[in-house]
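Colleague: what shape does this take:
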Amino acid sequence: LSKQPSLFTTRRTSVAVSDRAWDYDVFLKSDEELMMHAIDIFDERGLFSRFSIPMTTFVNFVSEIRKGYDSNAPYHNSYHAFDVMHVCYLLMTKCRADEYLESFNVLSILVAALAHDLGHDGYNNAFHQNTSSDLAVTYNGISILENYSAAYLFRILRKQENNIFARLSAEEMTKMRTRLIDLILDTDAKNHFMLMTRFKHGLEMKKLSRGLLSSMILHVSDVSNPARPGIIARKWAYNVQTEFFRQGDREKELDIAKSPFMDREFENLPRMQIAFIDAVVHPVFRLLADFLPLVEGHCIKSLQLNKAFWHNMLRRGTLKTDEIVAFLEAQKKDGSLLTPIEVDDLDSDIDDSILDDPSENPIPGIPADATQESSPDIRRASVISLKREGKKEFDPELGIRFDEKTSIHRISLTNTIKSSQGAVHAGMKKLLGSTAFQALTFFSTIYALFAFDLNTALGTKDSENAVDYATFAVFVIFAVELLMSVACVPGYVQFFFWLDAVATVSL
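Modeller: Okay, the predicted model is just below:
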C-alpha cells in the first residue's frame, strides 16, 4: 500500500499562506485544501502556540463548522465561510490591521469568520420573519440567523473534542464568548449603517476600540466579493443571484411579500451589483481605508474595475447571468476586450436615486428598515470609548492614539508602553541629534580629558571649587547622554555603551 500524504506533508508542498492573496479562489479548492488553509492561517498568526490549541481539536472543530453549513445554499455555504476568513486574514496582514490587534482579537475574528453564517439555510431574516419560522419565534425576530449561528457555534464548542478554547481561563472564555457573539451579530445586514456610524464616530472622536475594529474587519470581509479580482467577484455575484431567485420562488409559492431583486422575471444582475457596490461596498471600504490606507491599493481599485465591468454589461443590455457568461466566453474565444470605461466617469453614469430612499429604491442585501442612526443601547463590548477624550493616555481597550497634527498616528499595540511616552522619546532623539547638544558633549569630553591636568599644573587652591562645580556639570551631561542613548539609539548597548559608562563612572 502506498503511504497517503498527511496534512503536514500537503502543507510543506503547498504555496506559503502569505502568498495566497486576493485571487485565492475557494471554489477551486478541495475540502482538505481548505482545511489546510485554515491551519496555515492560524499557524502563521501563532494562535496554536499562543492559546495551546491541539491540532486534532482544531481539525475536529473546523470539520464540524463545515458540516454546519447547508451545501444546498448557493451562496451562504462553507465556501463563503472560508472565503470570509481568508479576506479577514488579508485585511489583517496585507492591510496591516493586525498592528492594532492582540492575538485574542485575531483569534476571535478568524473563528467568527468561519462561524458567522453557521446553519444559514439560504433564506434571509426577512423571509424567516414573514413566514414566522421556528428560528424567528426562537430569537424574537431579532438578528434571527446571526443569533442562530452564534448559538450553533457554542453548541459545537460544548463538545470537548471540538473545544479549541479549552485552555482559556474562565475569565478569558467569558470575554471570548462576548466578543464572538458581538462579531457575529454585527454581520447582520440590518446593522450595516449603524456599524458604519459607530466606526465613523470613533474616527471623529479620535478613539476606537479593538472590538469595534474587529467587527468592522469581519463585516467588510463579509461584503467583500465585489472588491475581489473580476473572475472571483463574478462567481460570487452569480451565486448570490441564484440564492436570491431561490428565495423569490419560495415567496411566490407561499404568496408572501416579494423581496427586492429576488424575482427572476425581472433579472438584472448588473444593476443589482452596481447598486450593492455604490450603496454598501464602496462606502464601507472607503471608510475602512480612511483608517487603513493600504485598503485603497489592495481593494478599491478592484472594486472600481468590477463596477466598470457591470456598467459595460448594463450599457450593452446584457442583464442575465447566462447572457453574461456567454458574452465572456465569446470574448475569450475571440481574444477581444471589453470597451473600457474610465473609472473617474463612473459616478456621473450612475442613477444616484438608488441611494436616496431604501424603501423606494431598495439596496441589495440590506433590509428596508435598516436603521441609519446609532442606537443608544449599542452593545458595550464594541462601543467607542470616549472617557479619555482630549487626553494622551491609552485606555486598556484602545489601540489608537491621535495627535492634533495628524488624523491618525499609527502605533503597534505590542509597544503600548513605549507609545505612551512617544512625545518624550521623540524629544530625546531630537535633542541627541541636535548640533548644540553634540557641541556641548564634545567640549565636555575635552574638559574631562584635560581639566584636571591643567588645574594641577596651573591652578591655585582658590580655583578648586570652580573646578568641582564644572566637573559635576560635565558628569550630569555625560549621565544624561548615556540614559538618552540607551533609550533612543538602536544597538547602543554594546561597545559604546560600556565605553561611555566607564567614562561616566570614572568622572
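Colleague: centroid-nearest residue for this protein?
Modeller: By C-alpha atoms, centre = their mean, the chain has its centre lying nearest to Ile217, at 3.5 Å.
Colleague: for that residue, what are its contacts?
Modeller: 88, 91-92, 97, 109, 288 (C-beta atoms under 8 Å, 6 or more residues apart in numbering). Where C-beta positions appear, they are placed from N, C-alpha and C, glycine not excepted.
Colleague: how much space is there between it and Leu185?
Modeller: Distance of Ile217 to Leu185, given as C-beta to C-beta, to the nearest Å: 15 Å.
Colleague: and what of Glu251?
Modeller: Distance from Glu251 to Leu185, counting by C-beta to C-beta: 25 Å.
Colleague: who touches the spatially closest residue to Ser143 that is not a sequence neighbour in this structure?
Modeller: Distance criterion C-beta to C-beta, 6 or more residues apart in numbering; nearest residue to Ser143, sequence neighbours excluded, is Asp188 at 4.4 Å. Residues counted as contacts of Asp188 (C-beta under 8 Å, 6+ apart) are 125, 143, 145-146.
Colleague: ok, now with 10 Å
Modeller: Under the criterion of C-beta atoms under 10 Å, 6 or more residues apart in numbering, the neighbours of Asp188 are 116, 125, 142-147, 194-195, 219, 367, 370.
Colleague: repeat that for Val223.
Modeller: So Val223 contacts 84, 87, 187, 189, 192, 276-277, 280-281, 284-285, 365-366 (C-beta under 10 Å, 6+ apart).
Colleague: just the mean pLDDT for the one helix or strand Thr504 maps to, thanks.
Modeller: Per DSSP states H and E, Thr504 falls inside helix 495-506. Mean pLDDT, computed over helix 495-506, is 70.
Colleague: ranking the contacts of Val223 by neighbours, who comes first?
Modeller: Comparing the contacts of Val223 by number of neighbours (other C-beta atoms under 10 Å), Val84 comes first, having 27 neighbours.
Colleague: ok, how many other residues are close to Arg155?
Modeller: If you count neighbours by other C-beta under 10 Å, Arg155 ends up with 14.
Colleague: below-threshold pLDDT in this structure: ranges please.
Modeller: Along the chain, segments meeting pLDDT under 70 span 1-15, 18, 335-361, 369-426, 452, 454-464, 490-499, 507.
Colleague: change it to 90
Modeller: For the chain, the stretches flagged by pLDDT under 90 are 1-20, 205-207, 258, 330-507.
Colleague: the residue lying closest to Met484 once chain neighbours are set aside: how many residues sit nearby?
Modeller: Once flanking residues are discounted, Met484 sits nearest to Met428: 4.6 Å by C-beta to C-beta, 6+ apart. Number of residues near Met428 (other C-beta under 10 Å) recorded here: 18.
Colleague: what's the most distant pair in the contacts of Val223?
Modeller: Val87 and Ile366 (19.5 Å; C-beta to C-beta).
Colleague: next, Ser71: secondary structure please.
Modeller: When classified by DSSP: H, G, I helix; E, B strand; the rest coil, Ser71 comes out as coil.
Colleague: give me the distance between it and Met176.
Modeller: In this structure, Ser71 and Met176 are 29 Å apart, going by C-beta to C-beta.
Colleague: the two - which one has more neighbours?
Modeller: Met176 (18 against 10).
Colleague: is the more buried one in contact with Leu153, as I believe?
Modeller: No. Taking C-beta atoms under 10 Å as the definition, Met176 is not a contact partner of Leu153, at 11.1 Å.
Colleague: who touches both of the two?
Modeller: Residues touching both Met176 and Leu153 by C-beta under 10 Å, 6+ apart: Val111.
Colleague: name the helix or strand for Met173, please.
Modeller: Following DSSP H and E, one finds Met173 within helix 170-185.
Colleague: and that helix, which residues are buried?
Modeller: Buried residues in helix 170-185, defined by neighbour count with 16 or more other C-beta atoms under 10 Å: 176-185.
Colleague: can I get those residues in TSV with distance to Asp500?
Modeller: Listed next are those as TSV, based on distance: C-beta to C-beta, whole Å:
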residue	distance to Asp500
Met176	48
Arg177	53
Thr178	51
Arg179	48
Leu180	52
Ile181	55
Asp182	52
Leu183	51
Ile184	56
Leu185	57
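Colleague: for Ile300, state which of these is nearest.
Modeller: Nearest to Ile300 among the buried residues of helix 170-185: Leu183, at 23.8 Å, using C-beta to C-beta.
Colleague: gap between that closest one and Phe154?
Modeller: Taken as C-beta to C-beta, the span from Leu183 to Phe154 is 13 Å.
Colleague: doesn't Glu33 make contact with Val17?
Modeller: No. Using C-beta under 10 Å, Val17 makes no contact with Glu33, being 11.9 Å away.
Colleague: okay, those two: which has more neighbours?
Modeller: Neighbours per residue, other C-beta under 10 Å: of Val17 and Glu33, the larger number sits with Val17, 21 against 13.
Colleague: contact partners for the more buried one?
Modeller: For Val17, the contact set (C-beta under 10 Å, 6+ apart) comprises 11, 24, 36-45, 86, 89, 93.
Colleague: weed out the non-buried ones from those residues.
Modeller: Burial by neighbour count, judged by 16+ other C-beta under 10 Å, picks out 11, 24, 36-43, 45, 86, 89, 93 from those.
Colleague: from the residues you listed, which is closest to Arg316?
Modeller: Tyr24 (30.1 Å).
Colleague: picking that back up, identify the spatial nearest neighbour of the residue nearest to the centre of the chain, chain neighbours not counted.
Modeller: The shortest distance from Ile217 to any non-neighbouring residue, by C-beta to C-beta, 6+ apart, is to Leu91 (5.2 Å).
Colleague: isn't the one you found right next to Leu288, touching?
Modeller: Yes. Under the criterion of C-beta under 10 Å, Leu91 makes contact with Leu288 at 7.9 Å.
Colleague: shared neighbours of those two, anything?
Modeller: 97, 216-217, 220, 295, 299.
Colleague: and the furthest pair within those?
Modeller: For these, and using C-beta to C-beta, no pair is farther apart than Met216 and Cys299, which are 13.4 Å apart.
Colleague: His76: what secondary structure?
Modeller: His76 ends up coil, using three-state DSSP.
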